[in-house]
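# 3D, please:
(3 chains)
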Amino acid sequence: MSDFATIDELLAGLNSQQREAATHGESPLLIVAGAGTGKTATLVHRVAWLLARGVDPSRVLLLTFTRRAAAEMLRRAETLVRRLGLPGTNRVWGGTYHAIAMRLLHRFGKMIGLPPQFTVHDRGDSEDLMNVVRSDLNLAKTDKRFPKKGTCMAIYSRCVNAREKLEHVLRHHFPWCTEWQEDLKKLFDGYTDRKEADGVLDYDDLLLYWSALLTDPKAGDAVRKLFDCVLVDEYQDTNTLQAEILYGLSSEGKGLTVVGDDAQSIYAFRAATVRNILDFPKHYPNATIVTLEQNYRSSQPILQATNEVIGLTPERFTKNLWSQRTEGERPKLVNCEDDTDQATYIIRRILEHREAGVALRRQAVLFRASHHSILLEAELARANIPFHKYGGLKFVEAAHVKDLLAFLRLAENPRDVVSGSRLLPLLPGIGPTRARQLMEMLVTSGNGFEPWVGWRPPAAAASIWSDFVRLLTGLARTDEDLPAQVNRVRKFYAPLVETKYDQVEPRLRDLEQLEMIASRYGSRARMLLELTLDPPSSTQDLAGPPVLDDDYLVLSTIHSAKGLEWDAVYVIHAADGNIPSDMATRNPEEIEEERRLFYVALTRAKNWLYVCYPLRYYWPGRSDRHSYSQRTRFLPAPLLDWFDQCVTDRIGEDISLDEATFDLDSPSVRRRTKDLWG
DNA sequence: CTGTTGAAATTTTTT
DNA sequence: ATTTCAACAG
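You can find the predicted model right below:
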């Protein structure tokens, strides 16, 4: 008599569609899973079912969008599998496409000519390298402005990920850069050469080389032999290159399961394409499609409103979602006076919900762009409300953190031109030109930091130069533990922070933080790799899992909120120009993506949903001190029936709007007022 | 050659 | 508000 459950007992918790998906056989399977329909539960049960049928865990590949999602899914699968009395899931291959690519390339890379140890550049490093090549090629010429490094990188990345020709990419996505086509070609050639020479891969290369592995006859077979089952989460947000990789793993799609929702595709800017999910049945003719439509997340009034919002999109796979829940409050549409007023209103509601027993961590404020929350952050700090922000600038993207890591990376690889060109100009008397020469010396000699020992620095750098070289040579051949190494870098670097940056105190604290977490990593190389593939989103993330009773509000970009849910959700800055972003209204496809983004934001809410938009925006330092905004175009008049409307007063109280007596959105009112300051 | 200053341009979402 | 570039002084 055992205490273990049977797989049927576990599956009994699923509805019939979920169960059908979880127990589907070997042929390709597409699960179309609307928001809140238990997609993760289904996927996790499918893993358990596969293992229960005797599939070897080490032959299962689970591809997710973030490392966090992979960890969460494997954790839940582990629980199920343990209940079945099976060994567990720790041998399952789980992670992002990029992390898995990394593992495969370490193992098989040499079969396609990859150097045995290569380093990986994050987006910022790649841009910096692009910049190095750009100045080598003298593209910063005078007659007209060449695209910025970030733009160059975006164009390059689009070509690689969407597998589109430069000309096509420029015409359709970067029309203002078409005149630079020839120079961009040269730049990209130079960039690729440079990466090859330095033994460096960027994010896109990880996918590109994985795909190359699969096309190579020998390596391809070796990789294909590894897996019996491949499960892919968030399939609507994969790009053409990623779809090609799946196809390369098995062209018949044997053992392939993909899960996604075309209504939640929000990464087209990163070359993701809904076509992957829409064309799945075409690419895999014997595919089965299972659709999940029962929503377990949101109350009925919220679900109705969100169905209406996405209902306005012209083309779509999924049908409307339904729920067994009937009770619940209608979502609120709040017209605020201005940004400050919006913050006041939200804080007041947040505190009310907390009083009523909804912990801060069950509430979230969502916004389109990272900077939309700046004022709110200040107000939250004043009100002593702890919060945790996701998305936007990451910890490792802060200049001082990048500086410190550059020391470690240069020690790891003296030919790392990006790190060198970052560090050397920190020293007095050394600018871009000398930095280039110095790095050139290291690259050609290939003999560690030897060439730097005899170099005669300019007077300004005379005293610091020998310390600098000693630090690096010491780090390069040290067997000290990592925290000790970071400590030495910190001792050397801290005085430079004070001369280079403002806000010195918090920066120095970050460096201490970095020293403390260094002990977590097995080796220096490991630490650098982990930080590029899975950058922590904030210092709090670095500090480790928060204490249990430590309650904090979540602030997040809508993109980073994907796949998550909260009891109360506040969507702020739902004004045209922000949602949709002015930057993304060039063509109908972009606008549709913004609509889906808005839909993703709304569908995060379980019980309470607030959509706020300030009426007025202030522009500091401009003669016309403010401008007026319109409600987002994704909530046209007919949809207002599904919301309770209100305006706010100065202390964050709301006043219900009786549409019969006063309609703020009446075209005539708007037309009359617009003329006053137009 | 470096470092400072000012003017001009650009301004999102992220593995 | 931040990034990039030109001009100019040491």
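# which residues in the stretch 251-400 of chain A form strands?
All strands of the stretch 251-400 of chain A, identified by DSSP state E, counting those that start in this stretch, fall at A:256-260, A:288-292, A:332-338, A:363-367, A:387-390.
# ranking those by burial, who's on top?
When you average the neighbours per residue for each of these (mean count of other CB atoms under 10 Å), strand A:363-367 leads with a mean of 27. Glycine gets a C-beta too; all of them are placed from N, C-alpha and C.
# which residues touch it?
A:346, A:350, A:353-354, A:373, A:376, A:553-558, A:561, A:564, A:566-573, A:578, A:601, A:604 (CB atoms under 8 Å, 6 or more residues apart in numbering).
# Sketch out the low-pLDDT regions of chain A for me.
Low-confidence regions of chain A, defined here as pLDDT under 70, cover residues A:1-2, A:140-143, A:317-318, A:537-549, A:618-626, A:649-678.
# Output the longest strand belonging to it.
strand A:605-618 (DSSP state E).
# Which of the contacts of strand A:363-367 fall in helices?
For the contacts of strand A:363-367, membership in helices holds for A:346, A:350, A:353-354, A:376, A:601, with DSSP state H as the criterion.
# ok, back up a step: indicate which one of the strands of the stretch 251-400 of chain A is closest to DNA strand C.
Distance to DNA strand C, taken as CB to the nearest atom of the strand, is lowest for strand A:332-338 among the strands of the stretch 251-400 of chain A, at 14.6 Å.
# got the CA positions of the closest one in PDB?
Output in PDB follows, covering the C-alpha atoms of strand A:332-338 (Å, rounded to 0.1, in the frame of the first residue of the first chain):
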ATOM      1  CA  LYS A 332     -13.100  51.200 -13.100                       C
ATOM      2  CA  LEU A 333     -12.100  53.800 -15.600                       C
ATOM      3  CA  VAL A 334     -10.600  56.700 -13.800                       C
ATOM      4  CA  ASN A 335     -10.100  60.100 -15.300                       C
ATOM      5  CA  CYS A 336      -7.400  61.900 -13.300                       C
ATOM      6  CA  GLU A 337      -6.500  65.600 -13.300                       C
ATOM      7  CA  ASP A 338      -2.800  65.000 -13.900                       C
END
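# ok now that strand, how far from the chain's centre?
Mean C-alpha position of strand A:332-338 versus that of the full chain (CA atoms, centre = their mean, to the nearest Å) differs by 29 Å.
# With stretch A:219-235 instead?
Put simply, stretch A:219-235 sits 23 Å off its chain's centre (CA atoms, centre = their mean).
# And for stretch A:95-107?
On the basis of CA atoms, centre = their mean, stretch A:95-107 is displaced by 18 Å from the centre of the chain it belongs to.
# Name the residues that touch it?
Outside of stretch A:95-107, the residues within contact range by CB under 8 Å, 6+ apart are A:61-67, A:70, A:93, A:114, A:118, A:120, A:201, A:203, A:206-207, A:209-210, A:213, A:223, A:238, A:242, A:245, A:529, A:533-534.
# what subset of those is also close to DNA strand B?
A:65-67, A:203, A:533 (CB under 7 Å from any atom of the strand).
# any chance of those residues in CSV, with secondary structure, distance to residue A:254 and neighbour count too?
Formatted as CSV, these follow (DSSP: H, G, I helix; E, B strand; the rest coil; distance: CB to CB, whole Å; neighbours: other CB atoms under 10 Å):
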residue, secondary structure, distance to residue A:254, neighbour count
A:65, coil, 24, 19
A:66, coil, 27, 18
A:67, helix, 27, 17
A:203, helix, 29, 22
A:533, helix, 29, 18
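# Nearest to DNA strand C among those?
Checking those against DNA strand C with CB to the nearest atom of the strand, the nearest one is residue A:203 at 18.6 Å.
# I figured the closest one hits residue A:124, correct?
No: no contact is recorded between residue A:203 and residue A:124 when judged using CB atoms under 8 Å, the distance being 10.9 Å.
# follow-up on the earlier one: quick one, which of the strands of the stretch 251-400 of chain A is nearest to residue A:268?
Taking CB to CB, strand A:256-260 is the member of those nearest to residue A:268, at 13.8 Å.
# and that closest one with strand A:288-292, angle?
Using axes from the mean of the first three to the mean of the last three CA atoms, to 10 degrees, the interaxial angle of strand A:256-260 with respect to strand A:288-292 works out to 30 degrees.
# So which residue is smack in the middle of chain A?
The structure's chain A has its C-alpha centroid closest to residue A:560; by CA atoms, centre = their mean the separation is 6.0 Å.
# Would you mind measuring from that one to residue A:37?
21 Å (CB to CB, to the nearest Å).
# Spell out which parts of the stretch 151-300 of chain A neighbour DNA strand B.
A:151, A:154, A:157, A:203, A:266, A:269-270.
# now, which of these lie close to DNA strand C?
Within those, nothing lies near DNA strand C by CB under 7 Å from any atom of the strand.
# what helix or strand does residue A:107 sit in?
Using DSSP states H and E, residue A:107 maps to helix A:97-108.
# so how far is DNA strand B from the closest residue to residue A:533 other than its chain neighbours?
Closest residue in space to residue A:533, ignoring its immediate chain neighbours: residue A:99 at 5.3 Å, by CB to CB, 6 or more residues apart in numbering. From residue A:99 across to DNA strand B, the span is 7 Å (CB to the nearest atom of the strand, to the nearest Å).
# Ok, residue A:424 next?
Counting by CB to the nearest atom of the strand, the gap from residue A:424 to DNA strand B is 8 Å.
# With residue A:303 instead?
Between residue A:303 and DNA strand B the distance is 25 Å, computed by CB to the nearest atom of the strand.
# again, but for residue A:56
From residue A:56 across to DNA strand B, the span is 26 Å (CB to the nearest atom of the strand).
# With residue A:129 instead?
The value you get for residue A:129 to DNA strand B, if CB to the nearest atom of the strand is used, is 14 Å.
# what about that residue, how many neighbours?
By the other CB atoms under 10 Å criterion, the neighbourhood of residue A:129 contains 24 residues.
# can you tell me which residues contact it?
Residues in contact with residue A:129 (CB under 8 Å, 6+ apart) are A:121, A:191, A:194-195, A:200, A:202, A:417-418.
# same check, this time on residue A:584
Contact criterion CB under 8 Å, 6+ apart gives A:269, A:590-591, A:593-594 as the residues in contact with residue A:584.
# cool, and residue A:62?
Residue A:62 sits in contact with A:43, A:47, A:70, A:73-74, A:92-95, A:231, A:233, where contact means CB under 8 Å, 6+ apart.
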